[in-house]
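Novice: Generate a structure from the sequence data that follows.
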Amino acid sequence: MYNFVEQIYLNEEKCVGCNKCLTNCPVTGANIAYLVDGNNKIKINTEKCIHCGKCIKVCDHNARDFKDDTERFFRDLSNGKKISIIAAPSLIVNFHESKKLLGYLKNLGVNLIYDVSFGADITVWAYLRAMKKDKLNTMIAGPCPPIVNYIQKYQPELIDKLAPVHSPMVCTAIYMKKYANIHDDIAFLSPCVAKADEINDNNTYGYIKYNVTFKKLTEYLEANHIDISQYKGAEFDDLGCSLGFLFSRPGGLKENIELHIKDAWIRQINGPHNAYKYLEDYNNNLKNDKQIPLVVDILNCSYGCNFGTGTCNKYANSTTIDEVDYKFDKLKNLKKTDKGGKLIRKKFKWLYNCFDKNLKLQDFKRVYNKNIIVDDIIEPSDKQYDEIFIKMNKRTEESRNINCSACGYGSCKIMAKCIHNGLNVWSNCIDYNKKEVINEHHLLEERNEFFTNISHELRTPLNVIYSVLQMEMKYYDNLTIEDITKYNKIIKQNCLRLIRLVNNIIDLSRIEAGFFKPLFIVGNIVSVIENTTLSITTYAENKKINLVFDTEMEELYFKFDANLIERILLNLLSNSVKYGKENGNIKVYIYKTDSHNVAISVKDDGIGIPEEMQKKIFERFKKVDTSLSRKNEGSGIGLSIVKSLVEIQGGTITCKSKLNEGTEFLVTFPIASEGNKLSLDMEKHMLYEKNSTETVDIEFSDIYW
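Specialist: Next up is the predicted model:
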């Protein structure tokens, strides 16, 4: 049975993610890119697909294919079901021995075979009569299902401009059922995948039961080793056609109408890259009361139905196109001079007089579906675009307008829009991948630098501890209490330094993994900042630094994690002490920036930070001085952790600095945040279990005096 969802499908194993289907698809969003084990795959978005079949044509890997009714047709025929056939005019250029194919089908039991070219003559007749009767000043020809699908889904305001007449295929079936009294099931020998949509449309009465495409028919003959050349040829059983057979080539309708309406303005438009854009322009012209053509002769396939989506002609070239045109022109000239056959066609109007006499225009009128409109993909806001572009490693306007086409869209903005709608993935952007490789390279360099630094940071306190222990062991009998106390103090400080380093590495890993969660309580942040600042007084005095705390308010209560605030401030203060000047100053100031935010400023007049390093100091493993002979110790991950601890509480941190003049770190927190839920489970982090004095000692363990 017919299933729109499975009409065109993906063979995932064959898909290499080359994006050709995306590039050639006329409908943004009709394909969905996704990852399988890190490999890009592209499947059909059946809701938005119009069955233009372009993806099947362009796929070099045969990853896209379609289903039709060929197998069911032959199965039903072999089971004795009475079936007649209607054949598209493109049959003659897809099967060189087309008459023998008809003979083979009749040999299998097919009853009658009609040429859809005859139905095309009826369609042209009905067009002309409808234009006159209904006083139509413009219409879009409706024999092409992808065009109809597109209008019904994406340009519903043009539905009333679609020709109110059935396609040649359906007109042929209507004639057979209503006028020739043929009661068989009807199968259509078809050049088009999407004809199945028209066949199964409620508005086409179910007269046609099978869409048997030329491609699948050829595959069936080959698979069953059937040589049609061994069969006797057969002719069509209809009355014969005029120029209706020209419908299968671009401009075929135009050629027919021009025989009857002199100087008629008929717009001929073909191919997915032209047709659908033209419909948008046509719609705009209608809205703006601009001039529009009498008839739009529009086809989805660039070279018409002769090279349709269901044909054997996957690749069209100038030779085959010219051969087909020559064949059709030759047949056209024969039709013009033909005086024989069951109808005398000396003058084309005789055929139309016959139609006027015997056919009812109303029988061939068509209506279209107005209830299958598909919503367009959602347009992101400017903020959402910016967020997406940042994730795509596109931080400049230039990088956001590369429009290289590698993703398939030819537009970075459309790519961002599709990512927003879940239709594509970051890794399908080549610019993103290039920058990821560069970023990964930089990260590897940073990690190498980090491990070099970290090995030094581990080795130094271990060497000090080991050396002190050796001294104690060697001079054990001569050591005084003062000596032992002095050596133990050195050992303790270096143990604390190791604890700090291990804590930082563990916490950094936990933060990156998302396991480090703040424990929010309602507290007075002014008191926490003041107590933490005063707790390092001894360290500041030992370096002859003047430490000042100031606040614009005595109390400020809101939700925050007091332990993390203490950790953040101690890290910033340790840097100020470490890199401060003798007789210098450190000022900690807390104030409200507005009614919604509070700021904590840690400012010193120390050595400062070079301008080129100010944006990098919050990155992992970054140090201003990376030499092993540096004056001050540190692993280069402290400020990275500080930034993370600030951000998981909803805050921000910035740095302002001038070389040899000093540095200011500004930490800002929202006073009220709905996301900061009070902690009911106060399970302690290992950091929280330490007393305040030990916490200070740990954070300042790499400062010696």
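
Novice: distance of Lys287 from Leu158?
Specialist: 11 Å (Cβ to Cβ, to the nearest Å). (C-beta placed from N, C-alpha, C; glycine too.)

Novice: Which of the two has more residues huddled nearby?
Specialist: Comparing Lys287 with Leu158 by other Cβ atoms under 10 Å, the one with more neighbours is Leu158, at 20 against 9.

Novice: Can you get me a residue count around Val16?
Specialist: 14.

Novice: ok, now which ones touch it?
Specialist: For Val16, the contact set (Cβ atoms under 8 Å, 6 or more residues apart in numbering) comprises 61, 63.

Novice: and with 6 Å instead?
Specialist: His61 (Cβ atoms under 6 Å, 6 or more residues apart in numbering).

Novice: likewise Leu102?
Specialist: 113, 234.

Novice: the domain parsing of this protein - what is it?
Specialist: With domains defined by automatic domain parsing, the chain comprises 4-62+377-428, 80-364, 438-699.

Novice: Off-centre distance for the last one?
Specialist: The one in question is domain 438-699. Relative to the chain's own centre, domain 438-699 is displaced by 42 Å; criterion: Cα atoms, centre = their mean, to the nearest Å.

Novice: Any stretches of the protein with poor pLDDT?
Specialist: Within the chain, the ranges that satisfy pLDDT under 70 run 1-5, 313-319, 336-348, 450, 453, 456, 620-637, 673-694, 696, 698-705.

Novice: now do 50
Specialist: Applying pLDDT under 50 to the chain picks out residues 1, 339-345, 624-635, 680-689.

Novice: Quickly note the distance from Lys99 to Leu105.
Specialist: Noted for Lys99: a distance of 11 Å to Leu105, by Cβ to Cβ.

Novice: When those two are compared, which one has more neighbours?
Specialist: The residue with more neighbours, out of Lys99 and Leu105, is Leu105; 25 against 17, by other Cβ under 10 Å.

Novice: Are there helices or strands packed against the helix ranked longest in the chain, and which ones?
Specialist: The longest helix of the chain (DSSP state H) is helix 430-474. If you count contacts as 3 or more Cβ pairs under 6 Å, 6 or more residues apart in numbering; DSSP states H and E, helix 430-474 packs onto helix 481-513.

Novice: State the three-state secondary structure for the nearest residue to Thr663 once chain neighbours are set aside.
Specialist: If you skip the residues right next to it in sequence, Thr663 has Ser657 as its closest partner in space, 4.0 Å away by Cβ to Cβ, 6 or more residues apart in numbering. Recorded secondary structure, Ser657: strand (DSSP: H, G, I helix; E, B strand; the rest coil).

Novice: Count the residues that sit near Ser657.
Specialist: A count of nearby residues for Ser657, using other Cβ under 10 Å, gives 21.

Novice: Hmm, Gly608 and it touching each other?
Specialist: Yes: between Ser657 and Gly608 there is a contact under Cβ atoms under 6 Å: 4.9 Å.

Novice: shared neighbours of those two, which are they?
Specialist: Common contact partners of Ser657 and Gly608 (Cβ under 6 Å, 6+ apart): Thr663.

Novice: got the angle between the helix or strand where Ser576 lies and helix 481-513?
Specialist: Assigned by DSSP states H and E, Ser576 belongs to helix 562-578. Counting by axes from the mean of the first three to the mean of the last three Cα atoms, to 10 degrees, helix 562-578 lies at 120 degrees to helix 481-513.

Novice: Tell me the first helix or strand C-terminal of helix 562-578.
Specialist: As assigned by DSSP H and E, the chain's next helix or strand after helix 562-578 is strand 585-594.

Novice: Would you indicate which residues of that next one are buried?
Specialist: Buried residues in strand 585-594, counted by 16 or more other Cβ atoms under 10 Å: 585-590.

Novice: Kindly provide the distance from the residue minimising distance to the centre of the chain to Trp265.
Specialist: Note on the chain: the residue nearest the mean C-alpha position is Asn424, at 2.0 Å, using Cα atoms, centre = their mean. Distance, Asn424 to Trp265, by Cβ to Cβ: 41 Å.

Novice: next one: Ile378
Specialist: Distance, Ile378 to Trp265, by Cβ to Cβ: 39 Å.

Novice: repeat for Val468
Specialist: 100 Å.

Novice: With neighbour numbers in mind, choose between these two.
Specialist: Legend: neighbour count by other Cβ under 10 Å for Val468 and Trp265, higher for Val468 (17 against 12).

Novice: Ile499 versus the more buried one, what's the distance?
Specialist: For Val468, the distance to Ile499 - Cβ to Cβ - is 17 Å.

Novice: Repeat that for Asn571.
Specialist: Per Cβ to Cβ, Asn571 is found 15 Å from Ile499.

Novice: and the two? which has more neighbours close in?
Specialist: With neighbours defined as other Cβ under 10 Å, Asn571 and Ile499 compare such that Asn571 has more, 21 against 17.

Novice: so that one touches Val642, yeah?
Specialist: Yes: applying Cβ under 6 Å, one finds Asn571 in contact with Val642, separated by 5.0 Å.

Novice: now, among the buried residues of strand 585-594, which is nearest to Asn300?
Specialist: The nearest member of those to Asn300, counting by Cβ to Cβ, is Ile590 at 67.9 Å.

Novice: what's that closest one in contact with, if anything?
Specialist: Counting by Cβ under 6 Å, 6+ apart, Ile590 touches 526, 529, 551, 600.

Novice: check contacts around the last one.
Specialist: Going back to what we said before, that points to Ile600. So Ile600 contacts 590, 667 (Cβ under 6 Å, 6+ apart).

Novice: quick one: terminal-to-terminal distance for stretch 580-590?
Specialist: Using Cα to Cα, to the nearest Å, the end-to-end distance of stretch 580-590 comes to 21 Å.

Novice: Any idea how many residues pack against Asp237?
Specialist: By the criterion of other Cβ under 10 Å, Asp237 has 17 neighbours.

Novice: Can you classify it as helix, strand or coil?
Specialist: coil.

Novice: roughly how far apart are His442 and Asn504?
Specialist: Plainly put, His442 is 21 Å away from Asn504 if you go by Cβ to Cβ.

Novice: Looking only at neighbour counts, state which of the two leads.
Specialist: Each of His442 and Asn504 has its neighbours counted (other Cβ under 10 Å); Asn504 has more, 21 against 11.

Novice: The more buried one and Gly606, how far apart?
Specialist: Counting by Cβ to Cβ, the gap from Asn504 to Gly606 is 22 Å.

Novice: now swap in Ile525 and tell me
Specialist: Ile525 sits 25 Å away from Gly606 when distances are taken as Cβ to Cβ.

Novice: same deal with Cys655?
Specialist: On the measure of Cβ to Cβ, Cys655 and Gly606 end up 13 Å apart.

Novice: okay, the two: which has more neighbours?
Specialist: The residue with more neighbours, out of Cys655 and Gly606, is Gly606; 22 against 17, by other Cβ under 10 Å.

Novice: so who does the more buried one touch?
Specialist: Here Gly606 is in contact with 579-581, 662 (Cβ under 6 Å, 6+ apart).

Novice: Tabulate those residues (JSON lines), appending neighbour count and distance to Lys209.
Specialist: Formatted as JSON lines, the contacts of Gly606 follow (neighbours: other Cβ atoms under 10 Å; distance: Cβ to Cβ, whole Å):
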{"residue": "Tyr579", "neighbour count": "20", "distance to Lys209": "85"}
{"residue": "Gly580", "neighbour count": "24", "distance to Lys209": "89"}
{"residue": "Lys581", "neighbour count": "15", "distance to Lys209": "92"}
{"residue": "Gly662", "neighbour count": "23", "distance to Lys209": "86"}
